[in-house]
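Enquirer: A predicted structure for the sequence below; I have some questions about it.
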Amino acid sequence: MQISLVLIDKLNQLLALYPASVTRLCTTPQRNKTIVKGAQSSKHLTGEAVDLVFDQTASLLHAAIYAESIGFGGIEVDYNNNHLHLDVRLAPFWHEVKLGGKKYSLKEYLTTLHSSAIT
């Protein structure tokens, strides 16, 4: 398996601004079944995804916003596990935030934060 050069380029851009530890990059089919309960379309199987953790939880959202701006197609902010999943899918885009037992689109979550800050 080869790691996507597009992923490496985008990851280098992101890590230059938001230092993080890589917790997962490539995954074998067997390990993938164990980790993500058999998601057959996992971008980790094709070297097109990375999972990151940050020392500061605040970096999660900032890094996700930046990741979206540089073209990551798959973004999952998981506040429950202090984790950011990024992948270089072309379409359809998947930008999600997990907080507590709820899931939000990244856009919906940012709108909620903005509305809360105004009121």
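Expert: Now that the structure is in, tell me what you want to look at.
Enquirer: switch to C-alpha atoms for all contacts and neighbour counts from now on
Expert: OK.
Enquirer: show me where this protein has its strands.
Expert: Applying DSSP state E to the chain gives strands spanning 21-24, 49-53, 74-78, 83-87, 94-99, 102-105.
Enquirer: which residues sit against the last one?
Expert: Think strand 102-105. 95-98 (CA atoms under 8 Å, 6 or more residues apart in numbering).
Enquirer: got it, and the fourth one?
Expert: Applying CA under 8 Å, 6+ apart, the contact partners of strand 83-87 are 7, 43, 48-54, 60, 64, 67, 72-78.
Enquirer: again with the third one
Expert: Counting by CA under 8 Å, 6+ apart, the neighbours of strand 74-78 from elsewhere in the structure are 60-61, 64, 67-68, 83-89, 93-99.
Enquirer: by mean pLDDT, point me to the weakest helix or strand of the chain.
Expert: Ranked by mean pLDDT, DSSP states H and E, the weakest helix or strand in the chain is helix 29-36, scoring a mean of 82.
Enquirer: please compute how far that one lies from its chain's middle.
Expert: Centroid separation for helix 29-36 versus its chain: 18 Å, with CA atoms, centre = their mean, to the nearest Å.
Enquirer: residues near Leu17, how many?
Expert: 12 (other CA atoms under 10 Å).
Enquirer: do the same with Asp9
Expert: 10.
Enquirer: also Asp87?
Expert: Asp87 - counted by other CA under 10 Å - has 28 other residues nearby.
Enquirer: chain center to stretch 51-67, what's the gap?
Expert: Taking mean C-alpha positions (CA atoms, centre = their mean), stretch 51-67 and its chain are 9 Å apart.
Enquirer: in contact with the spatially closest residue to Ala91 that is not a sequence neighbour, which residues?
Expert: Leaving aside its chain neighbours, Ala91 sits nearest to Gly73 (6.8 Å; criterion: CA to CA, 6 or more residues apart in numbering). Under the criterion of CA under 8 Å, 6+ apart, the neighbours of Gly73 are 86-95.
Enquirer: also His44?
Expert: With contact set as CA under 8 Å, 6+ apart, His44 has these partners: 24-27, 50.
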